[in-house]
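> Okay, predicted coordinates and the sequence, questions at the end:
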Amino acid sequence: MATQPTNLPVPSESARDLKFNAGKIDEFVTSPEQKYIDRFGDEHYTIEGINNLAQQVMNSFGYITLTDVSFTIGATITKPNEVLFNEANGEYYKWTGSFASGHKVVPPNSTPESTGGIGAGAWLSVGDATALSVLNEFKEDLASPDNGKGDALIGVKQPYDNTAARTQHDKNAETLSILDFYIPNQPDWTQAFKNAARVSADIGKSIFVPAGIYLVSDSIPLYDQGHGTLPDPDIQSYYKGNGTQFIGEGRKTIIRKTAVSTKDVNAVFYINSTNVPPTENGKRGMAIKNMSILDLTEESVGIYSTSGGVVCSHFENLFIMARRVGVWLGDSFVDVTLIGIIVQSHDDNVTYPLGYGFRLGTSAGIGTSITIDRCHVGAVTADGYDIHSQYSKIGVLSCDNAGGVAYVFNKFRGHIQTLGGEWLDSWSGNPAQNGTYLKATESQISIGFCSMLGKYSNSYLFDLTSSTIKIDQVNATDNSVFLGSPARLRASSLLDIGYFTQYKYEQFPNPIDYDATTNCFATIGNLGGTQYRGREGKSIYGSFTLPTNQPASECYRVMGTKSTAAQSGCAGTLTSIRGDTGSRSTLVMDVVCNGNGNIGTSAIAIKKAVSDPVGLASYTGWYEGVVGGTLYMLLKMDAVGVRNLGTFFSGVTIGRDPNLFRIVGPSEISGLVSSTIGVMKTESAS
């Protein structure tokens, strides 16, 4: 009766298990079966099974033809896939029997029959010498990389009706990888990328760059198909040519340059767009996508083109860390996209500072049809974005901690969806950046939304020269601090902001800086004080929120000038509401102050009967005095303090005067006297 083992865990010292295992050892060593069952019911290979498995593996490697030996000469067989020639019938045989001694000895003048027999577990014929030679030659051809061999010998066909039979070579040729261009023992990947760039442009295929780190020691040139003479004139179409395209696997695909370039600009990717053949030219149809570009060498640039720029080219999903500029392109035009690009300085930006984020276009400003979206610049010492382009579109851009101007536009004409700016590293003291959020020259721009967070230094939030900027909304967070002026306007510039959150006159220590010689003006939504509205020599109509910082002491509101040199004034209705629980008041007053030294100044204020008694006492009379060197007509106010529910003016303002409607105290006024020309009336109800 067979011994029944236990289920005790290994190692078991049970006598039954010891006896059972002794039988299994005999089965493992001597059984012709290939597997046996242990005491837990699991299968294991016997020696016979291991030999068979090893023979199968070795057979998969193909046959090894023994030379200078035969059954007649004698031989020693050491491997199951070695084959021995039999002169008697001209066939080769392999030994499928035991190799227990480590080899199979064949004495001289032997035959397969005399040295073990023919059959399973003995000698088996593998064919005649000619067939084996053909087989071995095919195996060599299949492993060969030569043209017409290797994968060109394998047929493929999609499992659908009406599909073509092709070779595996043709199928593989549909895609190219940078790994196809790397030759072993090259010092780095520089030459591989240069070779791949040329092939990509010539045949119109993108180069796949798998995830990994690729070290290069020189710039990688990008080409287009126009770099040489082409036989097909149709390909010479300006917008049709192919260009170099590198497509990574994501930002884990890292191109890192380790040495200064041999080019005139130390760039990782270099585009010579001069349109001058033969070898280095590149302008059209290029793409760099889905990778990280790193270069911490001196004055390095991530992607660079000469002044000619690029055409029909796309740069997307990139992380760029450099020292001079992240992306620097010349006057590019027609279907050029920069999408999802992050340009960031090194964390140690003292040792490895970054100058600019994006520099697009030249001073000529002839670039067109560019789309920029979802891009970010972080911690640059100069400007975040410097963009020159005509009729182009910008989506969402952000810029953090720029030492210069966040957004610079020169000869830019187009629409912008959203701009964001933060200066998070400069809350104490004067910020390191110059405080300018947006600077525009000879530009016409419509902007949907501007957002800002941080401390803005003694400069101009918006700096415009010969430009018209219309912004739907500006959002300044509660903790934004403004130390300078809202804007500087030069050369007939217009700044129109529909809505400015947290906008108060006292937030900006300095008023808007207007050009004294041209017609410049700014409008700042319903939350903007009218001191920021006006145009030289013109009248502006609108509904304005007035400053309400009235002290509970003697004070005056500037209503217009009494001067020939500086003419300003107003004509409209002033409404003032005070809503403290202890004292509520409402004033509605028509007012005209038309200051003109040539024909005489008109100054009339008529308080309405609809005002309550406290409101009717709000403005007590007309005065004259000099504020900031200009003689003004002033309305004296009561001493009840701030109209906390607001003071509003609806009507026309005349001229351009940053002091119009300001509230000033006696200490700010020189030569203060009661006016003899001002008229103050109260309208009686009938």
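Looks like it arrived, so ask away.
> For the rest of this, base every contact and every neighbour count on C-alpha atoms.
Will do.
> Could you break this protein into its assigned domains?
Structural domains assigned to the chain are 61-143, 538-686, following automatic domain parsing.
> Give the rounded mean pLDDT of the shortest one.
Looking back up the chat, that one is domain 61-143. Averaged over domain 61-143, pLDDT sits at 81.
> on that earlier part again, deepest in the core, which of the domains of the chain is it.
Burial of the domains of the chain is given as mean neighbour count (mean count of other Cα atoms under 10 Å); domain 538-686 ranks first at a mean of 19.
> Enumerate every residue touching Ser31.
Thr46, Glu48 (Cα atoms under 8 Å, 6 or more residues apart in numbering).
> what does the one 5 residues further on give?
For Tyr36, the residues meeting the contact criterion (Cα under 8 Å, 6+ apart) are Lys24, Glu27, Phe28, Glu43, His44, Tyr45, Thr46.
> rerun at 6 Å
Tyr36 is in contact with Glu43, His44, counting by Cα atoms under 6 Å, 6 or more residues apart in numbering.
> can you redo the domains of the chain as a markdown table with distance to Lys149?
Conversion of the domains of the chain to a markdown table gives the following (distance: least, Cα to Cα, whole Å):
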| stretch | distance to Lys149 |
| --- | --- |
| domain 61-143 | 6 |
| domain 538-686 | 82 |
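> For Lys194, see how far away Cys312 is.
21 Å (Cα to Cα, to the nearest Å).
> To clarify, my last question referred to Asn519.
Taken as Cα to Cα, the span from Asn519 to Lys194 is 55 Å.
> Test for you: state the pLDDT assigned to the nearest residue to Ala406 once chain neighbours are set aside.
Spatial nearest neighbour of Ala406, excluding adjacent residues (Cα to Cα, 6 or more residues apart in numbering): Gly384 at 4.7 Å. According to the prediction, Gly384 has pLDDT 95.
> right, and Gly384 touches Leu360 too?
No. Using Cα atoms under 6 Å as the test, Gly384 is too far from Leu360 to be in contact (11.3 Å).
> Quick check on these two: which one has the bigger neighbour count.
Gly384 (32 against 26; other Cα atoms under 10 Å).
> got the contact list for the more buried one?
Gly384 makes contact with Tyr356, Gly357, Val377, Ala402, Ala406, according to Cα under 6 Å, 6+ apart.
> Could you check how far the third one is from Val474?
When Cα to Cα is applied, the distance between Val377 and Val474 equals 20 Å.
> The helix or strand containing Leu489 pairs with which strands, and in what direction?
Secondary structure assignment for Leu489, by DSSP states H and E: strand 485-490. Strand pairing for strand 485-490, determined by DSSP bridges: strand 460-465 (parallel), strand 513-514 (parallel).
> Need those in CSV (columns: distance to Pro210 and mean neighbour count).
Listed next are these as CSV, based on distance: least, Cα to Cα, whole Å; neighbours: other Cα atoms under 10 Å:
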stretch, distance to Pro210, mean neighbour count
strand 460-465, 44, 24
strand 513-514, 54, 22
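> Where does pLDDT dip in the stretch 101-250 of the chain?
Where the stretch 101-250 of the chain drops to pLDDT under 70, the residues are 127-139, 153, 226-238.
> which is the next helix or strand following the helix or strand of the chain with the lowest mean pLDDT?
Here the helix or strand of the chain ranked lowest by mean pLDDT, DSSP states H and E is strand 534-545, holding a mean of 57. Later in the chain than strand 534-545, the nearest helix or strand by DSSP H and E is strand 556-561.
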